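A.B. asks: All I have is the shape, not the residue letters:
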């Protein structure tokens with residue numbers, strides 16, 4: 001009887017550990033990314049998941065229009081394709097804005 005209770009307790013402890021180590025942080029990252037995408041405004045510099053860097057020209061319900069490069073090429077992308085605000089300088093997903101780059 002005592003062995004069964006300890007086995008069940010170990011399984012419950014493992015599930016709790018998995019929740020706090022894996023599931024909860026992933027949900028938090030998804031929520032932060034969704035909030036960042038919802039807060040996009042005209043003039044923001046963004047980096048897409050494909051590595052395209054541009055300035056937001058228009059924000060629609062499910063998409064954004066980016067202006068890239070000196071040729072002023074405009075590309076319409078879905079919001080889920082935006083990786084970060086600012087110019088992404090590393091693989092960790094953190095964006096660097098032009099203001100912080102000048103400092």
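C.D. replies: Everything's here; your move. Predicted, not measured: the structure shown is a model, and the values here were computed from it. Residues are numbered from 1 along each chain as shown.
A.B. asks: And the strands in the protein?
C.D. replies: Remark: strands assigned in the chain by DSSP state E are 45-48, 53-59, 63-68, 73-78, 82-85, 87-88, 95-96.
A.B. asks: can I get the ones you listed in CSV with mean pLDDT and distance to residue 35?
C.D. replies: From N, CA and C alone the C-beta is placed, and that goes for glycine too. Formatted as CSV, those follow (pLDDT from 0 to 100; distance: least, Cβ to Cβ, whole Å):
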stretch, mean pLDDT, distance to residue 35
strand 45-48, 94, 14
strand 53-59, 95, 14
strand 63-68, 95, 15
strand 73-78, 95, 17
strand 82-85, 92, 11
strand 87-88, 78, 18
strand 95-96, 58, 14
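A.B. asks: Let's have these in a markdown table, adding mean neighbour count.
C.D. replies: Formatted as a markdown table, the strands of the chain follow (neighbours: other Cβ atoms under 10 Å):
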| stretch | mean neighbour count |
| --- | --- |
| strand 45-48 | 20 |
| strand 53-59 | 16 |
| strand 63-68 | 18 |
| strand 73-78 | 13 |
| strand 82-85 | 20 |
| strand 87-88 | 18 |
| strand 95-96 | 18 |
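A.B. asks: Residue 20: which of those strands is closest?
C.D. replies: With Cβ to Cβ as the criterion, residue 20 lies closest to strand 82-85 of these, at 25.6 Å.
A.B. asks: Starting from the closest one, tell me which strands it pairs with and how they run.
C.D. replies: Strand pairing for strand 82-85, using DSSP bridges, gives strand 45-48 (antiparallel).
A.B. asks: closest one to residue 3 among the strands of the chain?
C.D. replies: strand 82-85 (49.6 Å).
A.B. asks: before we move on, the earlier item: quick one: which of the strands of the chain is nearest residue 4?
C.D. replies: strand 82-85 (48.3 Å).
A.B. asks: Work out the gap between that closest one and the centre of the chain.
C.D. replies: 6 Å (Cα atoms, centre = their mean, to the nearest Å).
A.B. asks: how close does residue 53 sit to residue 67?
C.D. replies: In this view, residue 53 and residue 67 are 11 Å apart by Cβ to Cβ, to the nearest Å.
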